[in-house]
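**Student:** sequence-free structure coming up:
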């Protein structure tokens, strides 16, 4: 994951370098290269957002599978990964507290709101809570991505206008 982030950061720095140097040096080639790279980024982000909008059900199912994998990998009642998930999301078991009871395991403290003696104090299942959290996060990412696309589109248009103005200025001053 760090390698991916470093690579993406390097690409962004390179594209930004093209834009800044193209504008400062009044280079049509660098400015148009910046505009083309910006357009490519814009198309990739648009594709990603369309995929997020069209495959919502697949992502929700995958998020439910993440909870199932965490549950299957961690059958220790207290102190495990699933206990941390339950504590942070205020949930209990993949579906409900009955998941612990079906396996004849005691309910961990992270499953209850206060005392575990009353069934009304049990939290709901983690699958629904996790899917809800990830859906809200993906919705925010979708709309932030749309806003970023709008800013990039404006940057693309300005870069093309700048390159055109520089080209015309150089052509006019050549005579």
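**Tutor:** Received, thanks. As the structure is a prediction and not an experimental result, all values here were calculated from the model.
**Student:** excluding chain neighbours, what is closest to the spatially most central residue of the chain?
**Tutor:** By CA atoms, centre = their mean, the chain has its centre lying nearest to residue 141, at 5.7 Å. Setting aside the residues directly before and after it, residue 141 is nearest to residue 52 in space (CB to CB, 6 or more residues apart in numbering), at 7.2 Å. (Glycine included, C-beta is placed from N, CA and C.)
**Student:** circling back to that earlier point, please identify the helix or strand for the residue nearest to the centre of the chain.
**Tutor:** helix 126-173 (DSSP states H and E).
**Student:** list the helices and strands that helix packs on?
**Tutor:** helix 2-24, helix 28-54, helix 56-73, helix 81-89 (3 or more CB pairs under 8 Å, 6 or more residues apart in numbering; DSSP states H and E).
**Student:** figure out which of the ones you listed is closest to residue 137.
**Tutor:** helix 56-73 (10.1 Å; CB to CB).
**Student:** now that closest one against helix 81-89, angle please.
**Tutor:** Helix 56-73 and helix 81-89 are oriented at 130 degrees to each other (axes from the mean of the first three to the mean of the last three CA atoms, to 10 degrees).
**Student:** so which elements touch helix 56-73?
**Tutor:** Partner elements for helix 56-73 (3+ CB pairs under 8 Å, 6+ apart): helix 81-89, helix 126-173.
**Student:** and residue 10, which of these is closest to it?
**Tutor:** Comparing the helices and strands packed on helix 56-73 by CB to CB, helix 126-173 comes nearest, at 18.2 Å.
**Student:** contacting residues for the residue lying closest to residue 86 once chain neighbours are set aside?
**Tutor:** Residue nearest to residue 86 in three dimensions, not counting chain neighbours: residue 110, with 4.0 Å by CB to CB, 6+ apart. Contacts for residue 110 (CB atoms under 8 Å, 6 or more residues apart in numbering) come out as 78, 83-84, 86-87, 92.
**Student:** let's go with 6 Å and repeat that
**Tutor:** 83, 86-87 (CB atoms under 6 Å, 6 or more residues apart in numbering).
**Student:** please tell me how far it sits from residue 161.
**Tutor:** 57 Å (CB to CB, to the nearest Å).
**Student:** and what of residue 34?
**Tutor:** The value you get for residue 34 to residue 161, if CB to CB is used, is 12 Å.
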